[in-house]
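A.B. asks: Output the structure for:
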Amino acid sequence: MPIYEYICADCGEEFTKLQKMGGEAAACPKCGSSDVARKISACAIGGATGGESGGGRGGG
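C.D. replies: Numbering: from 1, shown residues only. Presented below is the predicted three-dimensional model:
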């Protein structure tokens with residue numbers, strides 16, 4: 001399930017929600033409004049990071 005980022009049109013609160021694609025509408029956790037817009041955000045692509053050195057960029 002993807003994590004979506006939202007912003008509330010009423011109070012400006014920015015929040016994230018883990019939900020199914022095409023799932024129920026999100027509501028603002030601060031004010032309860034359903035007038036929220038999904039933000040455009042970068043997606044993360046999984047993969048190996050190179051072990052314990054924290055990214056495999058040498059020095060490890």
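
A.B. asks: which stretches of the protein have low pLDDT?
C.D. replies: Counting by pLDDT under 70, the ranges of the chain that qualify are 42-44, 47-60.

A.B. asks: give me every residue that touches the residue nearest to residue 33 when sequence neighbours are not counted.
C.D. replies: The shortest distance from residue 33 to any non-neighbouring residue, by Cβ to Cβ, 6 or more residues apart in numbering, is to residue 10 (4.2 Å). Glycine gets a C-beta too; all of them are placed from N, C-alpha and C. Applying Cβ atoms under 8 Å, 6 or more residues apart in numbering to residue 10 gives the contacts 28, 31, 33, 35.

A.B. asks: buried subset of those residues?
C.D. replies: residue 28 (16 or more other Cβ atoms under 10 Å).

A.B. asks: any chance of the contacts of residue 10 in a markdown table, with distance to residue 4 and secondary structure too?
C.D. replies: What follows is the contacts of residue 10, written out as a markdown table (distance: Cβ to Cβ, whole Å; DSSP: H, G, I helix; E, B strand; the rest coil):
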| residue | distance to residue 4 | secondary structure |
| --- | --- | --- |
| 28 | 13 | coil |
| 31 | 18 | coil |
| 33 | 16 | coil |
| 35 | 16 | coil |
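
A.B. asks: now, among the contacts of residue 10, which is nearest to residue 41?
C.D. replies: Of all the contacts of residue 10, residue 41 sits closest to residue 28, with 17.4 Å by Cβ to Cβ.

A.B. asks: Touching, the closest one and residue 17? I think so.
C.D. replies: No. With contact defined as Cβ atoms under 8 Å, residue 28 does not count as touching residue 17 (10.2 Å).
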